[in-house]
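**Student:** Below is the sequence, then the predicted model.
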There are 2 protein chains.
Amino acid sequence: MKYIEGGVTAAKGFIASGIHCGIRKNQSKKDLAMIKSEVKASAAAVYTQNKVYGAPITVTRNNLADGYAQAVIVNSGNANTCNSDGVEKAEMMCDIASAAMVVDKSDIIVASTGVIGMSLDIKPIADHAEQLASQLSADGGNDAAHAIMTTDTVPKECAVQFELGGKPVTLGACCKGSGMIHPNMATMLCFMTTDCKISPVMLQKALSDTVKDTFNMISVDGDTSTNDMVCIMANGFAENDEITEIGADYETFKTALKEVSVKLSRLIAGDGEGAQRLLECTVTGAPDEITAKKIAKSIICSSLVKTAMFGADANWGRILCAIGYTEGDFSIETIDVFLSSCKGKVKVCENGFGIEFSEDKAKEILLESEIVLTVCMNQGDFDATAWGCDLTYDYVKINGDYRT
Amino acid sequence: MKYIEGGVTAAKGFIASGIHCGIRKNQSKKDLAMIKSEVKASAAAVYTQNKVYGAPITVTRNNLADGYAQAVIVNSGNANTCNSDGVEKAEMMCDIASAAMVVDKSDIIVASTGVIGMSLDIKPIADHAEQLASQLSADGGNDAAHAIMTTDTVPKECAVQFELGGKPVTLGACCKGSGMIHPNMATMLCFMTTDCKISPVMLQKALSDTVKDTFNMISVDGDTSTNDMVCIMANGFAENDEITEIGADYETFKTALKEVSVKLSRLIAGDGEGAQRLLECTVTGAPDEITAKKIAKSIICSSLVKTAMFGADANWGRILCAIGYTEGDFSIETIDVFLSSCKGKVKVCENGFGIEFSEDKAKEILLESEIVLTVCMNQGDFDATAWGCDLTYDYVKINGDYRT
């Protein structure tokens, strides 16, 4: 497997486009995108578990019920959520996308992201759909990645290539963060495309399994979004033998899917609202997987750990504190904690107690932009990794007045 | 029942003192306090449920096992937690307090608050114990309230008076916040004293019941402290008929205890690290009490709600979002949301959807220092209230480099 250039249009038979249509006030920011497969594709998705969910989730879930889709329409600037006319508007977006891209309405994935509770103005979308569709191209992936950004500071996309039965297969994706990020059995917005030939059932299984260890293990601010969705379309253009059951090909595909998902998860966490540092927390030697995951997430969700990391302060007591309030049956007495980055590694806690370490070395390590917090529990064979970011002045600034 | 002047020494037969002994570097900050009852008192406590807990918790729990105590020694500046010699140091504090106050060692409540994981220097405590004991007086409650402060900006104390069988009874208290505040079946540090005559069993029951609806319903930053403790001593000096069972006197006492606990909970939340506003979230019409409490806490814990309140931004979608990710069996379709303060009240959401409201009026309301978020679920008869604060630049500043 190797990384290649491109994102959501890297795989054969996918085209995309993105423009500013006028939902967002800032004319320099794209706010509407389309992604299209040349043919109808196997499709799968995982959605937010928030009881308050956007109207686009309702409509997409319905359209994907048969396991197939062909195109995506997505806007930023307005989440189309908590509006009494939300489903109606999401259906209108499907109608518009269907006509512009000449795709069955029931094969449209519709998504929205942005402010909650403001009625979505459909006119800018209707007015620009033809133009957007006419710009669809294999070079349009980056435009689409830009158009779904909200408070993200950089577009997020990647692609990998691998072989199945001697045939090259490509998997690409784009996604967006960067606030209200605390996925719960789902994620923020992520669109994946592949030319792999795979049945809808196996595609859904691969996606659901992968999300648990990747997008569901990130948190920026502990708030599970109302509009989380990760979806994937597989159009079969790679002409590999169709994956219809678990086996070597399925595992190869899933490895690629996990690679891309981890990459995007790190991009989202590292570009969390206001973030200066990506935090990766790895828990090893846990008595069970759930405990490993819960502890890793407790740590990256702790406001006190996050602010300490912002200050490059090796205040490891806060890591112990976050471990301590995690639910689960485990003990503190065998836990060691390490802080590391490209500048080295220091042990700061052994068997649950503080030990002497060089504060200067710790500071040097923590001033880097990617920090790893390692918790060795020494109580079993289970590991987990979670990703988050530091809590900074800019997080407060960005969210103190988001709507204006 | 009426509020009276004073705090932890308001009740008859209690004396206290507080000084700077040298645990904290800043000489203007008191860091050691004593509280003493003239006689051995019924005593009860509730402790943190964090698996990582301070050595003082271990020692105090042991000393209170018989239901009696007579004195408190407490320091700020160092939590005496996660140190391999923690229990030894906490025992030494008891020895020192026992000798200085002439109280049985097994009747000492010991507590520490401050940074985690640094060995506690016992010398300043030993050197100043006699002086501190000699200053114990009925006027010393405020000094003790100062000595337990960490990042608190104001000391927190209050007292009430009520009657039992014609006898005036007084209940007073002091407590401290203001970070690592997310009590879980316990609380931060709070010391309560009363001259009420009540058995240890009934005192513990009253305290445990009250904490659930008061201190356990506040959150500053979602981090459950390792050193949470609320304790109460009742010395019987009011000479009321001893409360030994549930009845009218017990209920009167519990009402006073709840009044004081709510007052202190609001003080802690309102003085949360960096806070500019106290947030009170009341959920009404819930299908059950647990759901009411969980929703109220979800809202006051949401970083996005907290930053919106900092910005006085009526971004009610974030309140809906936080309701939506709360565990429980309830629906969104009947939920109304109101924002209010002394400047008035606006409905911002009806039946789960946004409605038109005056942004100017909402801004005027939200610029006040005490904000009430009301969620009417219209799904049952259960209510709950939680208290928190906004998330500000100063929270990040305070916690970015706490140890230096």
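**Tutor:** Looks like it arrived, so ask away.
**Student:** Give me every residue in the stretch 151-300 of chain A lying close to chain B.
**Tutor:** Residues of the stretch 151-300 of chain A lying close to chain B (C-beta under 8 Å from any C-beta of the partner chain) are A:Gly179, A:Met180, A:His182, A:Asn184, A:Asp221, A:Gly222, A:Asp223, A:Thr224, A:Ser225, A:Thr226. Yep, even glycine has a C-beta here, placed from its N, CA and C like the rest.
**Student:** Assess the claim that the third one and A:Thr224 are in contact.
**Tutor:** Yes: between A:His182 and A:Thr224 a contact is recorded at 4.8 Å, counting by C-beta atoms under 8 Å.
**Student:** more crowded one of those two?
**Tutor:** Counting neighbours by other C-beta atoms under 10 Å in any protein chain shown for A:His182 and for A:Thr224 shows that A:Thr224 has the greater number, 27 against 24.
**Student:** what touches both of A:His182 and A:Thr224?
**Tutor:** B:Tyr325 (C-beta atoms under 8 Å, 6 or more residues apart in numbering or on different chains).
**Student:** May I see the residues of the stretch 151-300 of chain A next to chain B organised as TSV, with pLDDT added?
**Tutor:** Compiled in TSV, those are given as follows (pLDDT from 0 to 100):
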residue	pLDDT
A:Gly179	75
A:Met180	73
A:His182	71
A:Asn184	55
A:Asp221	79
A:Gly222	77
A:Asp223	78
A:Thr224	76
A:Ser225	76
A:Thr226	79
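**Student:** Of all pairs in these, which one spans the longest distance?
**Tutor:** A:Gly179 and A:Asn184 (15.5 Å; C-beta to C-beta).
**Student:** Which one's more surrounded, these two?
**Tutor:** A:Gly179 (23 against 14).
**Student:** so what's the more buried one up against?
**Tutor:** A:Gly179 touches A:Thr150, A:Thr151, A:Val220, A:Asp221, A:Asp223, A:Gly272, A:Glu273, A:Tyr395, A:Ile398, A:Asn399, A:Tyr402, B:Leu304, counting by C-beta under 8 Å, 6+ apart.
**Student:** got it, and A:Ala234?
**Tutor:** A:Ala234 neighbours (C-beta under 8 Å, 6+ apart): A:Ala41, A:Ser42, A:Ala43, A:Thr193, A:Thr194, A:Asp195, A:Cys196, A:Lys197, A:Ile198, A:Leu203.
**Student:** Closest to chain B out of the residues you listed?
**Tutor:** Closest to chain B out of those is A:Ala43 (25.4 Å), distances taken as C-beta to the nearest C-beta.
**Student:** one step back: could you export the contacts of A:Gly179 as CSV, including distance to B:Lys36?
**Tutor:** Formatted as CSV, the contacts of A:Gly179 follow (distance: C-beta to C-beta, whole Å):
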residue, distance to B:Lys36
A:Thr150, 58
A:Thr151, 55
A:Val220, 48
A:Asp221, 45
A:Asp223, 46
A:Gly272, 50
A:Glu273, 50
A:Tyr395, 45
A:Ile398, 50
A:Asn399, 47
A:Tyr402, 52
B:Leu304, 46
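**Student:** What distance separates the opening and closing residues of stretch A:131-140?
**Tutor:** Chord length of stretch A:131-140, first to last residue, is 13 Å (C-alpha to C-alpha, to the nearest Å).
**Student:** Of all the residues in it, which ones are buried?
**Tutor:** Within stretch A:131-140, the residues scored as buried using 16 or more other C-beta atoms under 10 Å in any protein chain shown are A:Leu132, A:Ala133, A:Gln135, A:Leu136, A:Gly140.
**Student:** Tell me the secondary structure at the first one.
**Tutor:** In other words, A:Leu132. helix (DSSP: H, G, I helix; E, B strand; the rest coil).
**Student:** Not including adjacent chain positions, what is the nearest residue to A:Val52?
**Tutor:** B:Gly324 (2.9 Å; C-beta to C-beta, 6 or more residues apart in numbering or on different chains).
**Student:** these two touch, right, the one you found and B:Ile332?
**Tutor:** Yes: using C-beta under 8 Å as the test, B:Gly324 is close enough to B:Ile332 to be in contact (6.5 Å).
**Student:** overlap in contacts of those two?
**Tutor:** Jointly contacting B:Gly324 and B:Ile332 under the rule C-beta under 8 Å, 6+ apart are A:Lys51, A:Val52.
**Student:** pLDDT-wise, what's the bottom of the contacts of A:Gly179?
**Tutor:** Among the contacts of A:Gly179, A:Tyr402 carries the lowest pLDDT, at 65.
**Student:** picking that back up, show me which pair in the buried residues of stretch A:131-140 is furthest apart.
**Tutor:** A:Ala133 and A:Gly140 (10.9 Å).
**Student:** what do the two both touch?
**Tutor:** A:Ser17.
**Student:** Tell me the one of the residues of the stretch 151-300 of chain A next to chain B nearest B:Ala144?
**Tutor:** Nearest to B:Ala144 among those is A:Gly222, at 35.4 Å by C-beta to C-beta.
**Student:** Is that closest one in contact with B:Lys306, as I believe?
**Tutor:** No: here A:Gly222 lies out of contact with B:Lys306, judged by C-beta under 8 Å, at a distance of 10.5 Å.
**Student:** Pull out the buried members of the contacts of A:Ala234.
**Tutor:** A:Ala41, A:Ser42, A:Ala43, A:Thr193, A:Thr194, A:Asp195, A:Cys196, A:Lys197, A:Ile198, A:Leu203.
**Student:** How many residues are close by A:Ser261?
**Tutor:** 26.
**Student:** Run through the neighbouring helices and strands of the helix or strand hosting it.
**Tutor:** Assigned by DSSP states H and E, A:Ser261 belongs to helix A:248-270. Helix A:248-270 makes packing contacts with strand A:156-164, strand A:167-176, strand A:189-194, helix A:200-213, strand A:278-286, strand A:382-389 when contacts are defined by 3 or more C-beta pairs under 8 Å, 6 or more residues apart in numbering or on different chains; DSSP states H and E.
**Student:** now the angle from it to helix A:200-213?
**Tutor:** 40 degrees (axes from the mean of the first three to the mean of the last three C-alpha atoms, to 10 degrees).
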